[in-house]
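S.K.: Only the shape, not the letters, is given here:
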């Protein structure tokens, strides 16, 4: 027992290396070299869901756009107007998947569709670029992981902070933070606080409205298909398009919106890409059954004692981003360790990651943020959502991915879909 | 409402003693069930889980009948607000949704079922069914089965049954499937498929050939997932008969079916199907099917599938190879590793490279020798794959082998080795690198120099210094670069020497970086630049440039002086370098010089090197917003061309004031600056992430609406819209001066007295003349309202009552002006050189103070800002953010005997000197807000405040549940919900207060009450209640807001909407009690008469007899806020 509790740096590093699924370097000079010829010179893509974020996906470079798909004719028309002449429009994503000339499918719908579409795309042999949050429930996430792996697909999630871009309140990418932790400079176990104080504001304006008066469905929208697997409820414009995040049926408020952005890098830093927390508890006002609201705090604990605190009300004004027995790391990469930079430099770097999705598709390499670690990151979001809704301490089994001895809570892990949809 | 208080133990005991003593009738909770339900519902939503569980407990204790009442209060969407009820139902679901609450769960589920059997709307039923989806178990199966034939409810009922998942649940689904039609049939098939109900198979096989696409697809899925052998023929031949999408999905379903077969024991059949599929699907765009089949094989066969994996490597399809190698992880062990090594010899080089990668990942030490072989092999891709693989397995042991590649490898290999060395343990890498470095070819040396730098291997710094003498440029520059990480302060002069020797751009830059790094290590900041300046003084010509540039990252006053003087250098190159250096200067001291330069240099390209430095320093500085504003305005006036204007506009992003917002927003009219100004306006107006509040007000809102129209990014638009949606317009200022013309202003057509004597025609004529005069003398020059000193005052077009205004003003020497309030003189403006008391006083006051509290005028020629607040006859003035007039009564200059006029125009006084005004904003203060402070009238009438705004001095009772915050007393039910009384007793009085209710809130105002007992009986309770809430629809009139509880009913219908402040006045004068709510008398009764023949509620109210007592707020577990609590005693 004693041994289990104390993780030495050496053990930790070892663990860290073996837990990483991919360890391969393809220096840029050899990409596309002999023997590694890509399946085609130019990859092709389709974008499903061309409302807000979908239009951004139209422009991501690297693959030629062939199809766009939306259940709202106005969105579709706008996307077609902005795209080239050889781009075709669809309402039903299944018709997009029938096309054998499309390599990559971008899924940019509200989250209640992500799992269904990702699985169908994997089964149709497409590689997948999926918006966050990855899935609306934990079970759906497991099914995506299974389908993507089984069908040998390449999957990426559309959040960047694990491997690129500045990382919210930090002046750097996540890499030096990873390196600091990887080399045990803060000790172990660690507590990570995600709050406005540490650089990550929770966006509670993504709240739902209650008591909405039903409105006629606008003629351009196929509401039934927009809902898909979600329960049938009367239409109101606030439930769809740019404000859908406020409803549990489709997403999870600010947690759904920002959770993966904030937490995926944390999971990477803590080296938890292949596991999940074992405990979660929320401090929050009661949640409405339909509309997501604000919460005060969510605490998630891993088996080894690492903790993630989501501090929704920025309660601790001096919270470090990461706190360990040997040091604290604050926003703007400030540390309470003297001579930090010099010390850090002497340590090995984290392993390089595969950060170019198009190259990953060509080379059939797992992308840095893929279905598996993406799903684990999304679990943190989904666990938090369940804790906020249930308002009690929950015990989770990271292997079976169900709550322990808690059939009731598991009904939120695995929620039935509306026919004919299923995962 | 009273009786619920019986739930509070302390009060219960108190009340019990009281009852015992006075032998009254109330021995138990006398509330009706409906009242109890309503009382509990009013407390939703709970503010914490504990509170939610407690409230759910209250509901549970009300039993099935009570919960049924709750269910009955659900209404179809759009027909009333049942938000609280839905919160309550959710509290029940989530609370009984625990394994240790089985009894409660069953009761709730059964009650929901009862409610489902009543005649209610389908959408409400669907809501209730969704609760069963969370809490239903066996008891719910049969009742739900009854809904499976309903077109609207079949779907939710099926989902609930799917969640319940018991055998009984499956049975009822199968039964319903037998007779289902249309959409219901599809719903049921999906569920049966998910639940793998085998008894449906025959019928599903029939449907699998249906013409109905939806029916066919869902049946095929169900058949596949159930995995009954009978379905094989159908599933193996889907492709022959159906649509393109079905053909796409057919193999997936077939594989799912195969997997299910294996699960039920027929692994052989499953394996055959998988292997057949791998053989059948060979075209490139179908290889995912082979992948899926291979994955299934591994799942079913375990390590016996190794042969299939090895064979997959013979395929030319990369995704299949990649999948096989990922699956290889599932078959660990050295013997499998050996098989893979053997396989390497027989496959294509590309496949071999992939296997090498897998072996590295696998980490099996027995593969190391084979991998080291590949490291030396012919094939470059294999060597490449082997580099990380070898490192991963061998770690520090293979450092020599890896370094060996540095000797002869090409640029790619060296880079790959460099990458893996960086992730290996430092010491062995650094030591070996330093040792081998001198004998390597240049590219290898460069790579290792970079490694020494990255690891800050200071102990090997000599090796690096040595390489600064290399003849090879690449190596020499790499060495100089490395010194940036390795050099100490003591190396500075040596580094300066290197810098002075440097020839090429790359070398100069590297040396400069190292010089800076070293200089900054000198412990005294003042001495950082000494050696560089010294070298500079001894250097002539162009060579000076490379010494000037680093100063930008070092700073210091001496250095700044030199750099500024170099911006005048005759040599263009040096001059340019100095300008760039100045623009990059690290501290604020450079700003005046940068501004001067940007005024002097009008070439837009040159300006665009200066202005970013200027705006950067302003942003970084900690000077006040107004100063930043002025500095940026100056820059804007000299900025030439679009790019420079954008630079300056961007500088405003951090100046979070209305002035800045308005200034920037004006550029949204300029086509070429539209986008940038909109984004900057958004930055100014919205709260900085995680920090202060954003700007508010109607004017801000107007600008933000324009911003939305001007920005492209949907996320940002959404942010702005969200902000707008939640903005508190009540606080908003509007502009009085638009910066363009005199819209909203008029001339002065005489003083108030003379105006009042004019006829309408006379007034119109006088006004026309005055307006003409104003146009001659008041002009807008560069956005500033300017007066030439010749004409008359300028007046607002309309009158104001209570208001708060902001105005910037500027005068010249001996200048004189003022702001007339309600047409009356004046808040004084003048030259403090002549009038040392300064500006801001109410100059014409005779009885009340006329001088400002202190002199805070800015020097003549600079801008000053007034904030003037006028409520009633009292005026408060802040000059330059300092209080100079503190709530002083302003006297009527025109008619001395009268108080100041209740409303009137605001005037900018003309007094024969030139004047300048800008940023004039006004916020009208509503009567409600004005009433929120004790008015002068009230003071003179003898009202006193009972609440000091910051603590509960003078109050007694539940000082835990009631909290003083920001001028309010707030009840937090989760902290306590007792009573809060005045410490003092009052008999006859006028009591005024304001209150704000939360939805369904309940409180009460006790008067003439003792501190113990239930004030409703032992004193009097005037109801404070949101009787508009749906939950209170069945109230008795004597329970309405304002009623003397149980005795005198109040008129209903005068409460403001929930969330707004109500004002109430209670007059208790002898036996007469009067209650005025928002100005309307809702109770006016003689309590003796009202109780002469017994009270309406039939209870004894001994408190009616009392002559005096405490006044207090009586908590009933709701969130309520109170403010402006004041009283006047009547004697």
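M.R.: Cool, the structure landed. Since this is a predicted model, take the numbers as computed values, not measurements.
S.K.: Report the rounded mean pLDDT for the longest helix anywhere in chain B.
M.R.: Longest helix in chain B, counting residues (DSSP state H): helix B:244-263. Per-residue pLDDT over helix B:244-263 has a mean of 93.
S.K.: quick one: is it near chain A?
M.R.: Yes: counting by CB under 8 Å from any CB of the partner chain, chain A is contacted by helix B:244-263 at B:244, B:245, B:248, B:249, B:252. C-beta here means a position set from N, CA and C on the backbone, and glycine is covered the same way.
S.K.: Residue 382 is in what secondary structure piece?
M.R.: You didn't say which chain, so I picked chain A. Using DSSP states H and E, residue A:382 falls within helix A:371-390.
S.K.: You answered for a different chain; I wanted chain B.
M.R.: Residue B:382 belongs to helix B:380-394 when assigned by DSSP H and E.
S.K.: Going by contacts, tell me the helices and strands next to the next helix or strand after that helix.
M.R.: Using DSSP H and E, the next helix or strand after helix B:380-394 towards the C-terminus is helix B:399-408. If contacts are counted by 3 or more CB pairs under 8 Å, 6 or more residues apart in numbering or on different chains; DSSP states H and E, helix B:399-408 sits against helix B:368-376, helix B:380-394, helix B:411-422, helix B:426-436, helix B:442-454.
S.K.: so which of those comes closest to residue A:353?
M.R.: Residue A:353 lies closest to helix B:411-422 among the helices and strands packed on helix B:399-408, at 11.7 Å (CB to CB).
S.K.: For the closest one, name the packing helices and strands.
M.R.: If you count contacts as 3+ CB pairs under 8 Å, 6+ apart, helix B:411-422 packs onto helix B:380-394, helix B:399-408, helix B:442-454.
S.K.: Determine the three-state secondary structure at residue B:869.
M.R.: strand (DSSP: H, G, I helix; E, B strand; the rest coil).
S.K.: Quick check: residues of the stretch 151-300 of chain A near chain B?
M.R.: When proximity is defined as CB under 8 Å from any CB, the stretch 151-300 of chain A approaches chain B at A:151-153, A:169, A:196-197, A:199, A:201, A:205, A:210-214, A:231-234, A:242, A:282-290, A:293.
S.K.: can you do 6 Å?
M.R.: Contact residues, the stretch 151-300 of chain A versus chain B (CB under 6 Å from any CB of the partner chain): A:151-152, A:196, A:201, A:205, A:210-211, A:213-214, A:234, A:242, A:285-286, A:288-289.
S.K.: I'd like the helices and strands packed on helix B:411-422 as TSV, with distance to residue A:329 appended.
M.R.: Shown next, in TSV, are the helices and strands packed on helix B:411-422 (distance: least, CB to CB, whole Å):
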stretch	distance to residue A:329
helix B:380-394	28
helix B:399-408	30
helix B:442-454	20
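S.K.: Output those as TSV; include the columns mean neighbour count and mean pLDDT.
M.R.: What follows is these, written out as TSV (neighbours: other CB atoms under 10 Å in any protein chain shown; pLDDT from 0 to 100):
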stretch	mean neighbour count	mean pLDDT
helix B:380-394	25	93
helix B:399-408	18	94
helix B:442-454	23	97
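S.K.: Compare the ones you listed and give me the one nearest residue A:51.
M.R.: Nearest to residue A:51, of all the helices and strands packed on helix B:411-422, is helix B:380-394, at 41.4 Å by CB to CB.
S.K.: So which elements touch that closest one?
M.R.: For helix B:380-394, the packing partners by 3 or more CB pairs under 6 Å, 6 or more residues apart in numbering or on different chains; DSSP states H and E come out as helix B:349-362, helix B:368-376, helix B:411-422.
S.K.: Report the angle between the first one and helix B:380-394.
M.R.: Read it as helix B:349-362. Relative orientation of helix B:349-362 versus helix B:380-394 (axes from the mean of the first three to the mean of the last three CA atoms, to 10 degrees): 10 degrees.
S.K.: right, is helix B:349-362 up against chain A?
M.R.: Yes: judged by CB under 6 Å from any CB, helix B:349-362 comes into contact with chain A at B:349, B:350, B:357, B:361.
S.K.: what inclination does that helix have with respect to helix B:368-376?
M.R.: Using the same axes, to 10 degrees: helix B:349-362 against helix B:368-376 is 140 degrees.
S.K.: list the helices and strands helix B:349-362 packs on?
M.R.: So helix B:349-362, by 3+ CB pairs under 6 Å, 6+ apart, packs with helix B:318-327, helix B:334-344, helix B:380-394.
S.K.: Looking at those, spot the one closest to residue B:971.
M.R.: Proximity to residue B:971 (CB to CB) singles out helix B:318-327 among the helices and strands packed on helix B:349-362, at 60.9 Å.
S.K.: Which stretches in the stretch 101-250 of chain A count as helices?
M.R.: Listed in chain order, the helices of the stretch 101-250 of chain A (DSSP state H, counting those that start in this stretch) span A:114-123, A:138-150, A:175-182, A:223-227.
S.K.: Endpoints of stretch B:232-250, how far apart?
M.R.: From its first residue to its last, stretch B:232-250 covers 12 Å (CA to CA, to the nearest Å).
S.K.: Go ahead and name everything in contact with stretch B:143-157.
M.R.: Outside stretch B:143-157, the residues that touch it by CB atoms under 6 Å, 6 or more residues apart in numbering or on different chains are A:418, B:113, B:122, B:125, B:126, B:129, B:160, B:161, B:172, B:176, B:184, B:187.
S.K.: please redo it, this time with the cut-off set to 8 Å
M.R.: Outside stretch B:143-157, the residues within contact range by CB atoms under 8 Å, 6 or more residues apart in numbering or on different chains are A:231-232, A:418-419, B:113, B:116-117, B:122, B:125-126, B:129-130, B:132-133, B:136, B:158, B:160-161, B:164, B:172-173, B:175-176, B:179-180, B:182-184, B:187-188.
S.K.: next one: stretch A:388-407
M.R.: Under CB under 8 Å, 6+ apart, the answer for stretch A:388-407 is A:138-139, A:142, A:248, A:255, A:275-282, A:284, A:286-287, A:295, A:298, A:303, A:379, A:383, A:386-387, A:409-410, A:412-413, B:49, B:52-53, B:94, B:97-99.
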